[in-house]
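K.L.:
After the sequence you'll find the predicted model.
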Amino acid sequence: MRRVLISGASIAGPALAYWLDRYGFEVTVVEKAPTVRQGGYPIDVRGSAIDVCERMGLGPALREANIKTRRMTMLAPDGRVAGRIDTEQLLAGTARRDVEVPRGELGDLLYALTKDRVEYVFGDSIRTLDQTAGGVDLTFTHGAPRTVDVVVGCDGQHSVTRRLAFGPEQDYSHYLGYCFAGFTAPNTDGLSHEAVLQNAPGVGTALYAVREQPWVHALLVFTDPQPARGWTADDLRDRVAARFAGVNSPVPGKLADAPDLYYDTVSQIKMPSWTTGRVALAGDAAYAPSFLSGQGTSLALTGAYVLAGELKRSGGELTGAYEQTMRDFVRDNQAMATGPSFLFPRTRHGLWLRNQSMRMAPLMSRIGSRIERNATALRIEDY
Ligand SMILES: Cc1cc2nc3c(=O)[nH]c(=O)nc-3n(C[C@H](O)[C@H](O)[C@H](O)COP(=O)(O)OP(=O)(O)OC[C@H]3O[C@@H](n4cnc5c(N)ncnc54)[C@H](O)[C@@H]3O)c2cc1C
């Protein structure tokens with residue numbers, strides 16, 4: 001049981017490839033996109049995932065890439081400042097090791113570590129998957145069929161591997177009641193190392209300035225009883241215009257010129273099992289926690305490490321050990337996104353409470369401690 005095919009080359013896929021290659025497996029990574037995806041919003045790497053990265057030798061590069069966001073400013077619907085958070089103060093203790101890096105830069109680091117050691121196939125996707133006694137027979141959209149011993153879906157929230165091996169997405173996707181649109185926009189306000197959020201009940205905008213770059217990551221988030229499935233870009237623009245009508249913000253207007261618009265529901269993936277026969281899932285494909293948790297990348301990195309370690313330990317068999325090790329860690333980190341949202345409160349009362357809490361240092365330190373506790377809860381083993 002030594003041949004492993006991984007679907008998806010973002011975070012979980014290359015991290016898993018790194019460890020499996022180190023343990024002597026023969027690894028192929030198939031990625032739908034023509035290359036490793038560039039750019040992308042900033043993502044946090046925290047706690048146990050920092051330990052995984054240190055063991056991959058990525059510690060210095062991650063510290064170098066850390067964008068060091070200094071503060072987060074919250075604006076009221078009319079544009080007045082409702083509160084400010086010193087992000088360096090929020091995360092004290094061991095959380096000082098945590099980093100925030102552009103997703104593309106982390107993807108590049110992981111790809112650079114593995115590209116000369118494992119086979120990468122870009123611009124292709126699994127089309128059919130058939131488990132037999134002898135292995136998993138695969139066909140692809142473009143490439144020739146293959147048979148491997150184990151398949152791992154690291155292909156994100158809308159995983160094709162999950163659909164083929166476990167069933168339709170709606171069986172596992174839990175809508176959290178928000179839709180979002182993300183895009184890049186010119187940094188017209190000279191923002192640097194900071195984020196600016198503006199909230200009204202159930203709607204919010206965010207501008208995220210990475211270092212001193214001349215553009216910002218813009219995010220529009222809004223509650224909607226209907227998940228945004230099947231929406232066209234025009235549907236999205238209509239919805240945004242209606243929902244942000246009372247918010248005095250320039251951000252919704254920037255949507256029209258967005259060069260790289262993407263939009264989706266804010267959802268979590270919850271599954272009773274992440275393995276079936278010779279097929280496993282890791283990262284967002286198995287346990288997407290949503291960006292409201294800030295823990296998707298860290299779960300993807302730790303999940304890849306644990307899955308590879310357990311495959312080594314069992315000689316390539318998928319046992320229950322991966323799930324047993326990861327379950328509670330996933331549950332607690334997913335739970336950070338399902339209570340009242342700190343970043344995007346849904347109600348007038350919730351927004352008022354959030355704004356008050358920013359003035360109460362003990363409360364803010366409790367929030368910081370909870371993030372740290374959950375992010376560090378998994379002690380990674382030596383495999
Ligand atoms: C706006 C936003 C902000 C976020 N902020 C944070 C944050 O602050 N902190 C944090 O930890 N996380 C954050 N996340 C979440 C984070 O990006 C994900 O949890 C993380 O990238 C998961 O990694 P992954 O490798 O499992 O999946 P993904 O990064 O989704 O990668 C999946 C890969 O599979 C490929 N793929 C898809 N379909 C196929 C197919 N059929 N065949 C082959 N390849 C395929 C995709 O092209 C992609 O390369 C945020 C997400 C969003 C959308």
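P.N.:
Right, received. Where do you want to start? Residues are numbered from 1 along each chain as shown.
K.L.:
and the stretch 1-150 of the chain, which residues reach the ligand?
P.N.:
7-13, 30-33, 37, 41, 43-44, 103, 125 (C-beta under 6 Å from any ligand atom). Just so you know, the C-beta spots here come from the backbone N, C-alpha and C atoms, and that holds for glycine as well.
K.L.:
The same query, at a cut-off of 8 Å, please.
P.N.:
Residues of the stretch 1-150 of the chain lying near the ligand by C-beta under 8 Å from any ligand atom: 7-13, 15, 30-33, 36-37, 40-46, 100, 103, 107, 124-126.
K.L.:
Mind giving me the ChimeraX command for buried ones among those?
P.N.:
Buried residues within these, by 16 or more other C-beta atoms under 10 Å, are selected in ChimeraX with:
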select :7,8,9,10,11,12,13,15,30,31,32,36,37,40,41,42,43,44,45,46,100,103,107,124,125,126
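K.L.:
Let's see which of the residues of the stretch 1-150 of the chain next to the ligand end up in helices.
P.N.:
Members of these lying in helices (criterion: DSSP state H): Ala12, Gly13, Ala15, Arg103, Gly107.
K.L.:
Parallel or antiparallel, list what pairs with the lengthiest strand in the chain.
P.N.:
Longest strand in the chain by number of residues, with DSSP state E as the criterion: strand 173-186. Within its sheet, and counting by DSSP bridges, strand 173-186 is paired with strand 215-223 (antiparallel), strand 262-269 (antiparallel).
K.L.:
could you point out which element follows the last one?
P.N.:
If I follow you right, that is strand 262-269. Going down the chain from strand 262-269, the next helix or strand is strand 275-276, by DSSP states H and E.
K.L.:
Output the contacting helices and strands for whichever helix or strand comes after that following strand.
P.N.:
Sequence-wise, the next helix or strand downstream of strand 275-276 (DSSP H and E) is strand 279-281. Helices and strands touching strand 279-281, by 3 or more C-beta pairs under 8 Å, 6 or more residues apart in numbering; DSSP states H and E, are strand 150-153, helix 160-166.
K.L.:
right, so those: which one is the most enclosed?
P.N.:
strand 150-153 (a mean of 28; mean count of other C-beta atoms under 10 Å).
K.L.:
Just the CA trace of it, in PDB.
P.N.:
Extracted C-alpha coordinates of strand 150-153, given in PDB (Å, rounded to 0.1, in the frame of the first residue of the first chain):
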ATOM      1  CA  VAL A 150      -5.000   5.200  -1.400                       C
ATOM      2  CA  VAL A 151      -6.800   8.400  -2.500                       C
ATOM      3  CA  VAL A 152      -6.900  11.500  -0.300                       C
ATOM      4  CA  GLY A 153      -9.200  14.300  -1.200                       C
END
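K.L.:
what's the burial count for Leu109?
P.N.:
19 (other C-beta atoms under 10 Å).
K.L.:
thought it was touching Gly59?
P.N.:
No - using C-beta atoms under 8 Å, Leu109 is not in contact with Gly59; the gap is 10.9 Å.
K.L.:
wait, what's in contact with Ala282?
P.N.:
Ala12, Leu16, Val152, Gly153, Cys154, Trp274, Ala300, Gly303, Ala304, Leu307 (C-beta atoms under 8 Å, 6 or more residues apart in numbering).
K.L.:
Try it again at 7 Å.
P.N.:
Applying C-beta atoms under 7 Å, 6 or more residues apart in numbering to Ala282 gives the contacts Ala12, Leu16, Val152, Cys154, Ala300, Gly303, Ala304, Leu307.
K.L.:
just checking, what packs against the host helix or strand of Ala285?
P.N.:
Using DSSP H and E, Ala285 sits in helix 284-287. Using 3 or more C-beta pairs under 7 Å, 6 or more residues apart in numbering; DSSP states H and E as the contact test, the elements touching helix 284-287 are strand 262-269, helix 296-314.
K.L.:
Of the ones you listed, which stretch is the most buried?
P.N.:
Using mean count of other C-beta under 10 Å, helix 296-314 ranks as the most buried of the helices and strands packed on helix 284-287, with a mean of 26.
K.L.:
so does it get close to the ligand?
P.N.:
Yes - interface with the ligand: helix 296-314 contributes Gly296, Thr297, Ser298, Leu299, Ala300 (C-beta under 8 Å from any ligand atom).
K.L.:
From the contact counts, what lies against the next helix-or-strand element following that helix?
P.N.:
Counting by DSSP H and E, the element after helix 296-314 in chain order, helix or strand, is helix 321-335. Other helices and strands packing on helix 321-335, by 3+ C-beta pairs under 7 Å, 6+ apart, are helix 296-314.
K.L.:
The helix it packs on packs against which elements?
P.N.:
Applying 3+ C-beta pairs under 7 Å, 6+ apart, we find helix 296-314 packed against helix 12-22, strand 42-45, helix 47-55, helix 284-287, helix 321-335.
K.L.:
so of these, which one's packed in deepest?
P.N.:
Burial of the helices and strands packed on helix 296-314 is given as mean neighbour count (mean count of other C-beta under 10 Å); helix 284-287 ranks first at a mean of 29.
K.L.:
per-residue confidence averaged over that one?
P.N.:
Here helix 284-287 scores 98 as its mean pLDDT.
K.L.:
want to try TSV for the helices and strands packed on helix 284-287, with mean pLDDT as columns?
P.N.:
Putting the helices and strands packed on helix 284-287 into TSV (pLDDT from 0 to 100) gives the following:
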stretch	mean pLDDT
strand 262-269	95
helix 296-314	98
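K.L.:
Save the ones you listed as CSV, and put in distance to Glu64 too.
P.N.:
Output for those, formatted as CSV (distance: least, C-beta to C-beta, whole Å):
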stretch, distance to Glu64
strand 262-269, 27
helix 296-314, 17
